[in-house]
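1. Structure, please.
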Amino acid sequence: MRALTLFAITLVFVPSAVAQTMPKMPAELRAGLVARFDEASDKLVRLAEAIPADKYRWRPKAGTRSVSELLVHVANGHYYTADNAGAKPPFEIRQDSETAITNKAQVIQYLKRSSRHLGDGMRNLEEGGLRKPATMFKQETTVGNVFLFGVTHMHEHLGQLVSYARMNGVAPPWSAKE
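-> Sure, this is the predicted structure:
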């Protein structure tokens, strides 16, 4: 009987505790894209700020991106995504930017600026704009799919940066104390 009571309590309280930590799920797709983008963008910047400057050149092994290269890659992805969705970057992206922008403060500034640019593109989208035709990777698609690619691209590299940080003894600022 005691085990059954504990099981019943678990069914009642655990889902509500989990729901309190889960992000809000907007009913509208554009709002959902913006919410997931804002969530990941905030985490990416917070983690970039938490990683010490002397680790920005660190890479897990030869042939992989360093911390700074990874963050600049994400920022460039924001600009390219916005461009494919119809919002031109405010400047021409340097082809060597991943290796040229390595200073922690400059990397974070570049990342924040690119996040604002892409986020504004999503927020300023007119109703029905997600269905508007677009081209990405020489393929016909929609603005919605372009933005979806941008959000998933950032989430992919956020996970990668979490691994990089943990390998260097840095816990994500939003995680439980370790």
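2. Distance check, residue 84 against residue 140.
-> 11 Å (C-beta to C-beta, to the nearest Å). C-beta: built from backbone N, CA, C; applies to glycine.
3. Have a look at these two and say which one is more surrounded.
-> residue 84 (19 against 9; other C-beta atoms under 10 Å).
4. Tell me who's in contact with that one.
-> 134-136, 146 (C-beta atoms under 8 Å, 6 or more residues apart in numbering).
5. Model confidence for it, exactly?
-> pLDDT for residue 84: 97.
6. what helix or strand is residue 68 on?
-> helix 67-84 (DSSP states H and E).
7. In that helix, which residues are buried?
-> Buried residues in helix 67-84, counted by 16 or more other C-beta atoms under 10 Å: 67-72, 74-84.
8. picking that back up, quick check: neighbours shared by residue 84 and residue 140?
-> Joint contacts of residue 84 and residue 140 (C-beta under 8 Å, 6+ apart) are residue 134.
9. show me where pLDDT drops low in this protein?
-> Where the chain drops to pLDDT under 70, the residues are 1-21, 176-178.
10. the strands in it, which residues?
-> All strands of the chain, identified by DSSP state E, fall at 133-136, 139-142.
11. In the last one, which residues are buried?
-> Meaning strand 139-142. Buried-residue list, strand 139-142, by 16+ other C-beta under 10 Å: residue 142.
12. Show residues contacting that strand.
-> 130-135.
13. and if you look at stretch 72-81?
-> By C-beta under 8 Å, 6+ apart, stretch 72-81 touches 44, 65, 89, 93, 97-98, 101, 107, 110-111, 113-115, 117-118, 146-147, 149-150, 153-154, 157.
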